[in-house]
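Student: Turn this into a structure:
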Amino acid sequence: MTQRVALYAGSFDPLTNGHLDVLKAALSVADTIYAAIGIQASKQPLFTFEERVDLIEKACAAELGRNAGRIKVVSFKGLVIDAAGTHGAAIMIRGLRDGTDLDYEMQMAGMNGTMAPEIQTLFLPASPSVRMITATLVRQIAAMGGNIRPFVPAVVAEALETKFPKKPSRDVSR
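Tutor: Next up, the predicted model:
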């Protein structure tokens, strides 16, 4: 039987419950999923590549049990469609939160389909409970000392709390 291989790309800076939700759904359509971390020289991530790999692997182990072994974490530079081809993926997984995501992702799927027609893009809607989560908002909440635990796996929350230790609040109303 042929293995179904998929690639799910993102910055995963940090991995959120939304990302995990999409990974769980992707396990029903692929035997192996490459969680591909995009590396861009122009962006300065909060977590290093190695930290993101570690967080993804630990979160998947905690949340997905034996299925965690079906997820492989890799990096890529350049076009995501090229990364999919490099890893033998016939499916590109894209998570959708709302209509705005769909509009953008449809354009990307069209361009990718022209460049590599043998690779199909599969859109997976995020569950309602995680649709509002973005890694950008999680980073902002963490930087301001807010509670990020409802939005990220426990291991990621601990890592964020290390990056952004809580400061005692001061009353500035005087």
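Student: now the strands: where do they sit in this structure?
Tutor: For the chain, the strands defined by DSSP state E occupy 5-10, 32-38, 71-76, 91-96, 120-125.
Student: Direction included, what does the first one pair against?
Tutor: Partner strands for strand 5-10, per DSSP bridges, with pairing direction: strand 32-38 (parallel), strand 91-96 (parallel).
Student: Make TSV out of the ones you listed and add mean pLDDT and distance to residue 24.
Tutor: Placement of C-beta: from N, CA and C, glycine included. Formatted as TSV, those follow (pLDDT from 0 to 100; distance: least, CB to CB, whole Å):
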stretch	mean pLDDT	distance to residue 24
strand 32-38	97	10
strand 91-96	97	11
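Student: can you redo those as CSV with mean neighbour count?
Tutor: Listed next are those as CSV, based on neighbours: other CB atoms under 10 Å:
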stretch, mean neighbour count
strand 32-38, 22
strand 91-96, 21
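Student: Can I get these in JSON lines including distance to residue 11?
Tutor: Output for those, formatted as JSON lines (distance: least, CB to CB, whole Å):
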{"stretch": "strand 32-38", "distance to residue 11": "6"}
{"stretch": "strand 91-96", "distance to residue 11": "13"}
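Student: rewinding a little: now the strands of the chain in a markdown table, with distance to residue 26?
Tutor: Converted to a markdown table, these look like this (distance: least, CB to CB, whole Å):
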| stretch | distance to residue 26 |
| --- | --- |
| strand 5-10 | 6 |
| strand 32-38 | 5 |
| strand 71-76 | 9 |
| strand 91-96 | 5 |
| strand 120-125 | 6 |
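Student: Kind regards, and thank you for your time.
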